[in-house]
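S.K.: how would this look folded up:
(2 chains)
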Amino acid sequence: MALPVGVKISVFALAVMGAYTYYANSIPQVESKPPEELSLEGGTVTPQQLVTAGEKIFKEKGACSTCHLIGRPGGRGPDLAGVGARAASRKPGTVAKAYLLESMIQPGAFVVEGFPNIMPDVAKPPISLNRSELWAMVAFLESQGGTVDVKLDDIPATAGAQPGAAQAAPALQLPGDPKAGQAVFTGKGICIACHKAGALGASPVGPDLSAIGQIQTPDYLMAKVLNPASKGTVAGFPPGVMPPTFGQQLTAKEFTDLIAFLMTLKGGVPSGAAAGQAAQPPAAKP
Amino acid sequence: MVLLVVAGLGLLAGPAWAQEQKEAAYRAFPYVGSRLALWVVAQIHLNFAAFILGVPIFAVIIEFLGWKIGPDHEEGRRYDWLSHEFVKLTFAAFSTTALLGGLLLFLLITLYPKFWAYMSAIFAPTMWLYAALFFLETFTVYLWYYGWDWLSGSRKWIHLSLGVLSNLFGTAILFVSNSWVTFMISPPKGAIGQAGNFTGTLWQAVNNFTWMPINIHRLIANVVFGGTIAAAYAAFRFLGARSHDDRARYDWMGYIGNFVAVSALMVLPFAGYWLGFEIYGFDQTLGITMMGGFMSWLWILQAILIGVLFLGSNYYLWLGMERIPGAERYRPYIKYLLFVLTIGFMVWATPRTLIASLDEVRSMGGTHHKVLGLLGVMSAKNTAVNLMILTTFLSYLLYRRANKEATATWARTGMAAQWAVFGLSGSVVLFLGVYGYFVEPIVRIRRFSPLQVAAVLITIGIVMAIDIPMFKGARSTGTIRWGTIAPRSQYILILLAVTFTWLMGLMGFARSGLRQHWHIYGVMRDTSPDAVTPALGYAANIITVTTILFLGMVMFIFWLGALGSRGHEEAHAEVVAPAGVPHPAPIGGGAGDRP
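M.R.: Purely as a prediction, here's the structure:
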């Protein structure tokens, strides 16, 4: 008995699709998992742990190995074997860790001869390495022929993506009134005694806040005002000066007004250490 | 049917659903999960959409040809019948496309509310425009289809204009919806705020980096897809035909469908190259992830599928030559064509970097094989695909002149010129391919590859410009014996349709998987449980399921269409079979359902 045409065609079509499916299942199966966010701030981390964490980021979240090979030429970017040793001599006056950091967050600042300027800023989406991850990455790169001496303070507090950044968060609408917040800044809060904010204040006791709204998030500022120690001390300024008592002194409205005011400060990044910037600012590089 | 199943699943999951938070970023689709539900529905919808947008493009061209030849000629009527047959297929699939589009929309709104809110906040005006265009497209196609006899004779130009208009609306629909999907791949970088909010204009969102390349790529791909499905339909009818006349008719229809598909397929790799180029231009990391990252094996699979398409369509042409008196003189050349195609196929399907075990790496002396590694790079692959396109064009040229002998006085010179152009073009492609190994990638990408493409396209243009006048008034060595082609040729048409449908599924996965764990690349991260981009094996399983569902639905719809046509067969017996069939006879189904 002859099979109906429809059956023959169906069997044939299934066989074709089956062949493609079989082949696709027989080649190496590689999933792409969302990268896990690493947080090392506040903990005790050994250099070896840092290097191990950095290597993982190199291969996974950082996607560095897509372009950079280690010990083999032929990658789209330079071979990173021995980069820990030669990093110190790449740019005169720039120490290895500073150069390595710069090469990740300002990759266009110095491009190795013979390679195109195609590397993205790894602190920005889609790679979005945070401060801890940048720290680990510098350690890993230093370990390629050099000495691992990078500290968390070597990574500017503003460097790296904020945790959970770029996750479709709509622009945060702060409930506070910036004008009222300015009054708190110059009046009840007495912030002006230590901080400069644009044309307001001139004291060098604390960091200049003229551009704080551009370089920090509301979350950071809220935590910093309520519990200054939780965010560390900006490099170049003495620790423990900022009082931890604003949570008791200010009303909720005054607090939100103050934060709203600080977020309006988006002037040019002031010279020297701006608020939230730690030692080894990129500006120090030649 | 699909809606009933979905509704049933929804009712079963009702209590759990009700407990979810109103402000949830994601909601779970019962049993299969949100991603899988959306994936399957989106892919089947896209397949139907591609079909109903692709087929009218060549249907109107065929109708135009029929009109130019004139209804008084048998050939003119034949083209008109074929165009109507194609539009009938489209018409039958129209409502299913709309239903699947609605289902896709509901799934997006209900399963990905935050994503939907973000996208609709930017694209709302284009969504209203889309709906308006769909209305216009629907009513124009209705008029086009139902007005076939009413707008005939002196009013045929109005009918043709309706066909053109429906294509314009269809293309506009495609472009609008492409703006949404391309925004997800390449959101304009200067128009995204630090919090991920869109700060640009609507036009910036629409006219993003990959919008126009995908518009062009999809437009061409839709024509290929429409051609292959229409040819497969003809093959189905051919194999089931009970009379020689029917076989002749559907043999011819299959040939035209395949001709349309192959013609568009030849330029598709160029459009794909442009798209890839723009992805690199938008973001190097994205481009590298696509070609050299976890997706690299996907392109090997793609190469195999496209290789099957090229080999299959050439084989179909060679089988078709068996029914053309005079084609025997070209038979000796076929083995050379097959050789070039096979070598090209093998080069194109050669991976650059093999994921191998340590022992395998040691025995190869590295992750790149000494010889095969050299063939796995773009220089070799571009050369291979360009030579395959040239070879396919040559196959078509031989087919075209199979039963003709040029009588033009300058025929010998013309043929020599054609061969010279072929030889020169092949040499240019090969030279640039080899030279490409010794230059910077940027030179290869920006100069050599476009030059290779230009060489091929110019060759096609020049050769056809010589061929058409050279064979005008040519002596015939016999009439094509439509309907006598080997039945296995029809399975080739089925193979092409299945392969291209599967390939579309694979490219859908590539486009979506390219973004990895981002809904909108670099802007909105996928934080759902489905954020993992699956491996190729899992993707292939889903693609096969969607292809089976799509082809099953298409067969059902075509069967329904044929049911409706049976009562009208006798009334339209005057529609003739192709030339070469001695006695035109009543249509064996499917053709006689005109109102």
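
S.K.: any idea how far the spatially most central residue of chain B is from residue B:246?
M.R.: Note on chain B: the residue nearest the mean C-alpha position is residue B:221, at 2.9 Å, using CA atoms, centre = their mean. As judged by CB to CB, to the nearest Å, residue B:221 and residue B:246 stand 31 Å apart. Heads up, the C-betas are built off the backbone N, CA and C, glycines and all.

S.K.: Residue B:312 now?
M.R.: 24 Å.

S.K.: Same question for residue B:543.
M.R.: 34 Å.

S.K.: Same drill for these two, tell me which one is more crowded.
M.R.: residue B:543 (27 against 23; other CB atoms under 10 Å in any protein chain shown).

S.K.: which non-adjacent residue is nearest that one?
M.R.: residue B:505 (3.6 Å; CB to CB, 6 or more residues apart in numbering or on different chains).

S.K.: what about the one you found, how many residues close to it?
M.R.: By other CB under 10 Å, neighbour count at residue B:505 equals 27.

S.K.: same deal with residue B:556?
M.R.: Other residues close to residue B:556 by other CB under 10 Å number 13.

S.K.: Can you tell me, leaving aside adjacent residues, what's nearest to residue B:227?
M.R.: Residue B:227 sits nearest to residue B:261 (CB to CB, 6+ apart), 3.1 Å away.

S.K.: and the helix or strand hosting that neighbour, what does it pack onto?
M.R.: If you go by DSSP states H and E, residue B:261 is part of helix B:244-282. On a contact count with 3 or more CB pairs under 8 Å, 6 or more residues apart in numbering or on different chains; DSSP states H and E, helix B:244-282 meets helix B:74-111, helix B:211-240, helix B:284-292, helix B:296-321, helix B:378-400, helix B:449-470, helix B:487-513.

S.K.: which intervals of chain A have sub-threshold pLDDT?
M.R.: A:1, A:41-43, A:74, A:161-174, A:202-203, A:214-216, A:231-237, A:267-286 (pLDDT under 70).

S.K.: Okay, domains of it per the record?
M.R.: Domain assignment for chain A by automatic domain parsing gives A:47-168, A:178-263.

S.K.: Redo the ones you listed as TSV? Include distance to residue B:59.
M.R.: Formatted as TSV, those follow (distance: least, CB to CB, whole Å):
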stretch	distance to residue B:59
domain A:47-168	42
domain A:178-263	57
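
S.K.: what distance separates the host helix or strand of residue A:184 from the centre of its chain?
M.R.: Residue A:184 belongs to helix A:178-186 when elements are defined using DSSP H and E. Centre-to-centre, helix A:178-186 and its host chain are 30 Å apart (CA atoms, centre = their mean, to the nearest Å).

S.K.: before we move on, what about stretch B:490-497?
M.R.: For stretch B:490-497, the distance to the chain centre is 14 Å (CA atoms, centre = their mean).

S.K.: next one: stretch B:38-53
M.R.: That offset, for stretch B:38-53, works out to 12 Å (CA atoms, centre = their mean).

S.K.: Alpha carbons of that stretch, as CSV, please.
M.R.: Taking Å, rounded to 0.1, in the frame of the first residue of the first chain, the C-alpha atoms of stretch B:38-53 are listed here in CSV:
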residue,chain,number,x,y,z
LEU,B,38,7.0,33.9,24.1
TRP,B,39,9.8,32.3,22.0
VAL,B,40,7.5,29.8,20.3
VAL,B,41,4.6,32.3,19.6
ALA,B,42,7.0,35.0,18.4
GLN,B,43,8.8,32.7,16.0
ILE,B,44,5.6,31.2,14.5
HIS,B,45,4.2,34.7,14.2
LEU,B,46,7.4,35.9,12.5
ASN,B,47,7.3,33.0,10.1
PHE,B,48,3.7,33.7,9.1
ALA,B,49,4.5,37.4,8.9
ALA,B,50,7.5,36.8,6.7
PHE,B,51,5.3,34.6,4.4
ILE,B,52,2.5,37.1,4.0
LEU,B,53,4.9,40.0,3.4
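
S.K.: anything in that stretch near chain A?
M.R.: No: using CB under 8 Å from any CB of the partner chain, stretch B:38-53 stays clear of chain A, coming no nearer than 13.8 Å.

S.K.: mean confidence for that stretch?
M.R.: The pLDDT scores in stretch B:38-53 average 95.

S.K.: Can you report how many residues lie near residue A:28?
M.R.: 14.

S.K.: Quick one: classify it as helix, strand or coil.
M.R.: Under DSSP: H, G, I helix; E, B strand; the rest coil, the three-state class of residue A:28 is coil.

S.K.: Am I right that it is in contact with residue B:297?
M.R.: Yes: between residue A:28 and residue B:297 a contact is recorded at 6.6 Å, counting by CB atoms under 8 Å.
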